[in-house]
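1. Predicted model, plus sequence, below.
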Amino acid sequence: MPDYNFTLKYRLADDDADHDAIVERLGEAGCTDALVGLGIAGRLALRFDREADDARNAVRTALEDVKSVLPTATLVEVHPDIVTATEVAELVGKTRQNIRKLMLSHSDFPSPVHDGPSVTLWHLSDVLDWLETRQDYKLDKALRETACVARELNMAKEVARSHSREAAAEYDFVDNRRLG
């Protein structure tokens, strides 16, 4: 069975302030394959190296394990999904200069998700799909699979959040119209 590497980032509820207890409970729930990061107050990052039949199963079981221990924690992000050129280079075993050269010399390189003055971001799955078409790049199948699952989950989370806001805004609009 292959190993799948991914990170789950959470926002913790106020009552989840005892870091030692969180680490202990995660271990008891089966998250012994995760490196726990609690460096930022109110945040939790879990870097998993999980063995599973496929990436979807690896991420799903990790999400279930965390939910069983921290039911009030809010999933912020599944990684790897949105990445910089430096992260792409590290993940595919090339230099940042090599990846930057590809970006600049190929008009069909994937469009960025964000193209700002100091940082440009891509969906890793788009870049890996594009690199796969190049003969020089033999990519890890587990990485490609995990990047696709991470993107799907992040997009689904954002769509759900967007719909909640739209529904709330619509309700407020209807309610205000009735009152006004």
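-> Looks like it arrived, so ask away. Nothing here was measured: the structure is a model prediction, and the numbers come from that model. Numbers count the residues shown, from 1 in each chain.
2. what are the pairing partners of the helix or strand encompassing Phe6, and which direction each?
-> In this assignment (DSSP states H and E), Phe6 forms part of strand 3-11. Paired neighbours of strand 3-11 in the sheet (DSSP bridges): strand 43-51 (antiparallel), strand 74-79 (antiparallel).
3. how many neighbours does the spatially closest residue to Ala55 that is not a sequence neighbour have?
-> Nearest non-adjacent residue to Ala55, counting by C-beta to C-beta, 6 or more residues apart in numbering: Glu145, 3.9 Å away. In short, each C-beta sits where N, CA and C put it, glycine included. As a burial measure, Glu145 scores 19 neighbours (other C-beta atoms under 10 Å).
4. Flag every buried residue along the strand holding Phe6.
-> Buried residues in strand 3-11, counting neighbours by 16 or more other C-beta atoms under 10 Å, are found at Tyr4, Asn5, Phe6, Thr7, Leu8, Lys9, Tyr10.
5. Lys101: which of those residues is nearest?
-> Taking C-beta to C-beta as the measure, Lys101 lies nearest Asn5 of the buried residues of strand 3-11, at 26.3 Å.
6. Verify the stated contact: that closest one with Asp49.
-> Yes: with contacts counted by C-beta atoms under 8 Å, Asn5 reaches Asp49, the gap being 5.4 Å.
7. Count the residues that sit near Val149.
-> 23.
8. no wait, Pro71
-> 9.
9. do Met155 as well
-> 12.
10. so who does Cys148 touch?
-> By C-beta atoms under 8 Å, 6 or more residues apart in numbering, Cys148 lies in contact with Ala55, Ser125.
11. one step back: which stretch among the strands paired with strand 3-11 comes nearest Asp140?
-> strand 43-51 (13.2 Å).
12. circling back to that earlier point, would you mind putting the strands paired with strand 3-11 into a markdown table with distance to Leu104, mean neighbour count and mean pLDDT alongside?
-> Output for the strands paired with strand 3-11, formatted as a markdown table (distance: least, C-beta to C-beta, whole Å; neighbours: other C-beta atoms under 10 Å; pLDDT from 0 to 100):
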| stretch | distance to Leu104 | mean neighbour count | mean pLDDT |
| --- | --- | --- | --- |
| strand 43-51 | 31 | 17 | 96 |
| strand 74-79 | 26 | 17 | 95 |
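13. who's in contact with the strand holding Phe6?
-> Residues from elsewhere that reach strand 3-11 (C-beta under 8 Å, 6+ apart): 42-52, 54-55, 58-59, 62-63, 66, 70, 73-80, 142-143, 145-146, 149-150.
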